[in-house]
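J.: With the input below, show me the fold.
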Amino acid sequence: MEELYSIGETAKLNDVSIKSLRHYDEIGLLKPRYIDPETGYRYYCYSQFSFIDKIKRYKNIGMSLKELRDLFQSQDLSRLAAFLEEQKQMLDEEERLLQEKRQDVQWLADFFAYSKGLAVENDISIKEFPAMTMICVPCQGDDSMYAMDMELRRITVSPEFRNCQILNPYGYILDFDHLLKNEMYPSASTVCVRDAPDDSPYIFTAPAGRYLCCKACILSNHWNVDPLIAYCREHQFRPSLVLACEYLSSLYDPRNSPYELRLLLSDSCLPLPKGGNP
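T.: Numbering: from 1, shown residues only. The predicted model follows:
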């Protein structure tokens, strides 16, 4: 007869609680080899320890006690193989979602760092940017800010973009002629997006390249970009694209948020603005 171990000894030798062993008995997952009829004490034998190992191992990878009981009772290894394949697929999906979250955190960290590092207002510089994919909703410059924002929100929450990740910065595409008069006249409202559908009429990609940049609080009552205007006129520069990208200075006052105006240089070989950065 095999040597028997008390429930306490079994628990200690297998790093499992007495309460768990009692529960395994109650649900029919692992019955003691012997129960003393007088005391009701449970006893286990060495050959059962490997079952305890399997219970711990498969629980650790997500198998429920009911699934374990059914597996042991059926002795069908194909069920175990199917479960492991499902767990692999589930972990792959969790890893994908975690990677997306990590990208979102890094994107926001970069966004806040860039917000803090924006130049003082009206300083002009030339910067290099990667391509930027955005949802771009046409509007008229004399539309109210409310109307522009609501239309952009309506599009971003539509089924077409349900599986996309909306990212900072928000912004506008501006009309250059009005900008030359210190007037904000958007032709579209925008927001950056990841995993966007290729065939959507609302998707626009701002090209990678060099941009002439200037910081301005374009939603405030008093703003101007006179140095930028003077520079463009002096060098007879007319960009094919003017972006206004919103950055952060306050969590509570979006109308005073700084915007970085980005004028696409394309093939233009403009001189570096005085005091600007290459």
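J.: Break down the chain into its strands, ranges please.
T.: Applying DSSP state E to the chain gives strands spanning 4-6, 34-35, 42-45, 124-129, 132-138, 165-174, 186-194, 203-206, 209-216, 242-246, 259-264.
J.: Reformat those strands as TSV; add distance to Ala81, mean pLDDT and mean neighbour count.
T.: C-beta here means a position set from N, CA and C on the backbone, and glycine is covered the same way. Shown next, in TSV, are the strands of the chain (distance: least, C-beta to C-beta, whole Å; pLDDT from 0 to 100; neighbours: other C-beta atoms under 10 Å):
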stretch	distance to Ala81	mean pLDDT	mean neighbour count
strand 4-6	32	94	17
strand 34-35	34	94	14
strand 42-45	28	95	20
strand 124-129	50	92	17
strand 132-138	41	94	20
strand 165-174	35	91	21
strand 186-194	36	93	20
strand 203-206	43	95	17
strand 209-216	52	93	21
strand 242-246	52	95	22
strand 259-264	55	95	23
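J.: and Phe204, what are its bridge partners?
T.: Met134 (DSSP bridges).
J.: from the chain's centre, how far out does the longest helix anywhere in the chain sit?
T.: Counting by DSSP state H, the longest helix found in the chain is helix 77-116. Helix 77-116 sits 10 Å away from the centroid of its parent chain (C-alpha atoms, centre = their mean, to the nearest Å).
J.: what's the angle between it and strand 165-174?
T.: Counting by axes from the mean of the first three to the mean of the last three C-alpha atoms, to 10 degrees, helix 77-116 lies at 30 degrees to strand 165-174.
J.: Helix 77-116 - contacts with which helices or strands?
T.: Counting contacts by 3 or more C-beta pairs under 8 Å, 6 or more residues apart in numbering; DSSP states H and E, helix 77-116 is packed against helix 65-74, strand 165-174.
J.: what's the average pLDDT for the first one?
T.: Averaged across helix 65-74, the pLDDT comes to 89.
J.: contacts for it?
T.: 23-24, 27-29, 51, 54-55, 58-59, 63, 79-80, 83 (C-beta atoms under 8 Å, 6 or more residues apart in numbering).
J.: and with 7 Å instead?
T.: The contact list for helix 65-74, computed with C-beta atoms under 7 Å, 6 or more residues apart in numbering, reads 27-29, 55, 58, 79-80, 83.
J.: Next: the last one.
T.: Under the criterion C-beta under 7 Å, 6+ apart, residues 100, 104, 107-108, 111, 136, 156, 184-195, 242-247, 259 lie in contact with strand 165-174.
J.: so what's Ile35 up against?
T.: The neighbours of Ile35, taking C-beta under 7 Å, 6+ apart as the test, are Arg42.
J.: List the beta-bridge partners for it.
T.: When assigned by DSSP bridges, Ile35 has beta-bridge partners Arg42.
J.: now that we're looking at it, how far away is Ile61 from it?
T.: 31 Å (C-beta to C-beta, to the nearest Å).
J.: Could you report the neighbour count for the residue nearest to Pro197 when sequence neighbours are not counted?
T.: When the adjacent residues along the chain are set aside, Pro197 lies closest to Glu160, with 6.4 Å between them (C-beta to C-beta, 6 or more residues apart in numbering). Residues near Glu160, counting by other C-beta atoms under 10 Å, number 17.
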